[in-house]
Each structure stands twice: as structure tokens, then as C-alpha cells.
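Engineer: Coordinates for the following, if possible.
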Amino acid sequence: MKSRNLRVQILTILQKNLNFVSGAKLAEKLNVSRVTIWKHIKKLKEKGYPIEITKKGYKLLMNKDIIFEDKLKELPYKVYYFQEVTSTMDIAREKAENEEKALILAETQTSGKGRLARMWYSPPGGIWMSLIIKPDLNLKESYILTYIASISTALAIKDITGLKVKLKWPNDVVYEEKKLAGILLEIRAEVDKIQYAIIGIGINVNNKISNLETQAISLKEIFKKDISRTDIIINLVKYFDKFIKKNSNEILKSWKEMSCTLGREVKILTTQEIIKGIAFDLSEDGALMIKDKFGNVHKIYSGDCIHLRKIEK
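Structural biologist: Numbers count the residues shown, from 1 in each chain. Here you go, the predicted model:
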């Protein structure tokens with residue numbers, strides 16, 4: 001049995017038991033020696049897993065949802081997992097030059113950032129991650145990465161929880177108008193060729209929502225129980241790798257099918273102006289299409305979107 005698979009199985013058993021599990025019982029269940037169990041428990045503690053060790057055996061403190069780092073290694077990404085960082089985007093920038101594909105994860109971020117350098121509250125229990133990729137795209141095509149990340153996040157949440165979430169332009173995953181997840185994209189390019197892209201994804205899973213974030217919600221708040229972050233992460237990355245192979249028309253079609261912005265009256269705040277109208281489509285180059293009350297059509301490539309009301313049928 002591979003070492004990382006054994007560690008995943010040990011953690012799974014401890015997670016399911018509120019009481020101490022003896023080394024003898026673990027050894028018997030996993031068909032290995034008690035010495036082997038001890039070595040892997042020691043390795044898990046070094047990685048930061050909160051395991052209490054007594055004469056009674058081993059116990060995972062608080063029985064909390066944990067990220068199975070070893071299980072994530074089934075993904076074709078180099079995985080970096082931290083207990084605390086300033087931001088996974090900061091770590092990703094340091095790694096991006098030398099990594100072809102990497103996944104950066106942290107239990108907490110002290111300086112998490114959203115779009116427009118806004119603060120992103122990142123307490124324990126959420127998914128705070130950044131993907132490093134080197135896509136075969138030119139700079140004009142880079143917009144598609146945000147759409148891919150949004151779709152992948154939504155589908156991963158739906159697969160694991162059954163929750164029918166929606167996509168709000170430009171980069172949010174929402175449930176009943178409340179924010180579950182957000183996407184942040186950073187690109188480094190030379191001339192017109194992307195050197196690398198970093199996709200930051202924050203998902204409210206089992207974390208507590210700040211009192212200041214009245215329009216946010218977590219999966220734990222919805223389901224009243226912990227949700228497996230590891231399973232969401234694995235599904236998300238697999239969906240991302242699947243969709244990045246598709247053409248832009250397929251990707252935009254998938255986004256539109258999950259959108260809660262299209263068909264709505266919206267207010268768009270850009271750096272130059274405020275536009276009100278009906279969001280009716282996405283253009284071929286990824287812009288949000290808005291028709292104002294005078295019948296003028298606007299193509300919006302970036303900005304904040306506020307939903308005003310549903311269109312009466």
C-alpha cells in the first residue's frame with residue numbers, strides 16, 4: 001500500500017470516530033504493523049493535522065473537516081498545502097516561473113484578496129486555493145479562464161452537495177443571490193503570448209461568514225453539517241482540466257446555461273461609467289451584452305454587476 005494512500009485511510013478512520021482509536025485497531029483494519037501506523041501518525045502531525053496521542057490511541061481533535069493532502073496527489077498538479085499564508089496568490093507568483101501546473105492551498109489567508117484588491121475574509125474551513133497553469137492561449141483569449149473556473153467551481157459544488165448553484169457575472173458562484181465563491185485571475189504575458197496564468201478561487205464551505213459579509217453564505221450554513229473540501233477541490237480541478245480543452249463557444253454556452261445574470265435588469269459599475277439595462281447575452285469575445293432603456297447595446301468587459309430585479313415574463 002502506498003504511503004500517501006495509507007495516510008488518507010488513517011485520517012478517514014480517525015475522522016469517523018469521536019473517540020480514540022488504538023494503534024492495534026488501526027493496524028488490524030489496514031493490515032499493517034503498529035510501528036507503521038505510528039510512523040504515519042507522526043508524519044501526519046508534522047504536516048499539521050491535529051491528532052492527539054495518548055495510551056488509549058489516536059484521536060483527530062474536533063473531528064473537523066480536513067483537507068487530505070495525500071489524496072490530492074492523484075491530480076496532475078504539484079500540490080502545496082499550507083496552514084497559513086498571506087495569500088495563495090502570493091505563493092503562486094513565487095512558484096509560477098518554475099512550475100508547469102501547481103495547486104496552492106491554505107487553511108487560512110491573512111491578506112486574501114478578491115477583485116479590485118478587495119479584502120477576502122479567509123478563516124479556517126473554507127477552500128482558499130490558486131491554480132498555476134501555462135495555457136496555450138494568447139492574451140485576448142485569456143478572458144475564458146475566468147468562465148472556466150466559474151463553471152468548474154459550480155459543477156464541483158453541485159456534484160458533491162446536489163446544490164443547484166448559479167453563476168453571476170463576472171466571477172461569482174451564488175446560491176439564492178448569496179455569494180458562495182469568487183474567482184480571481186492574474187496573467188503574465190510577453191508580447192501576445194501568455195507565460196502563465198494564476199486562477200485564485202475562494203469557496204465558503206465550512207467557514208464562518210463575517211458579519212460584514214451580509215451577501216455571502218457557506219455550504220455549512222445551508223446544510224447544517226461539514227462538507228468535504230477535499231472532494232470539492234478534486235472535482236473542481238478535474239472539471240477545469242476538462243473545460244480548458246473545449247472551444248470558447250462551448251464554454252460560453254455552458255456558462256450561459258448556469259447564469260443568473262442574463263435576462264435580468266442590472267447596473268454595471270465600471271471605472272468610467274454606470275450602465276443600467278438588460279443583460280441579454282455574452283459576446284463571442286466574452287463581454288456582457290447590455291441593452292439600455294434607449295435601445296443602445298453596450299459591451300462590458302469588466303466591472304461590478306448589481307442585479308436590480310427579475311424581468312417580468
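
Engineer: Quick one: low-confidence residue ranges for the stretch 51-200 of the chain.
Structural biologist: 62-64, 114-118 (pLDDT under 70).

Engineer: Let me see the contact set for the residue nearest to Ser33 when sequence neighbours are not counted.
Structural biologist: Closest residue to Ser33 apart from its sequence neighbours, by Cβ to Cβ, 6 or more residues apart in numbering: Ala27 at 5.9 Å. No exception for glycine: its C-beta is placed from N, CA and C like everyone else's. By Cβ atoms under 8 Å, 6 or more residues apart in numbering, the contact set of Ala27 is 33-34, 36-37.

Engineer: again, only this time at 6 Å
Structural biologist: 33-34, 37 (Cβ atoms under 6 Å, 6 or more residues apart in numbering).

Engineer: Could you pick out the longest strand of this protein?
Structural biologist: If you go by DSSP state E, the chain has its longest strand at strand 178-190.

Engineer: residues in contact with it?
Structural biologist: Contacts to strand 178-190, defined as Cβ under 6 Å, 6+ apart, come from residues 114, 139, 142, 145-146, 149-150, 153, 171-173, 194-204, 215-217.

Engineer: So which of the residues you listed are in helices?
Structural biologist: Judged by DSSP state H, those include 145-146, 149-150, 153 as members of helices.

Engineer: Looking at those residues, spot the one nearest Asp65.
Structural biologist: Thr153 (17.7 Å; Cβ to Cβ).

Engineer: returning to what we had before: tell me the most packed of the ones in helices among the contacts of strand 178-190, by neighbour count.
Structural biologist: Thr153 (29 neighbours; other Cβ atoms under 10 Å).

Engineer: I figured that one hits Val173, correct?
Structural biologist: Yes. At 5.2 Å, Thr153 counts as touching Val173 under the criterion of Cβ atoms under 6 Å.

Engineer: In three-state terms, how would Phe280 be classified?
Structural biologist: In three-state terms, and counting by DSSP: H, G, I helix; E, B strand; the rest coil, Phe280 is strand.
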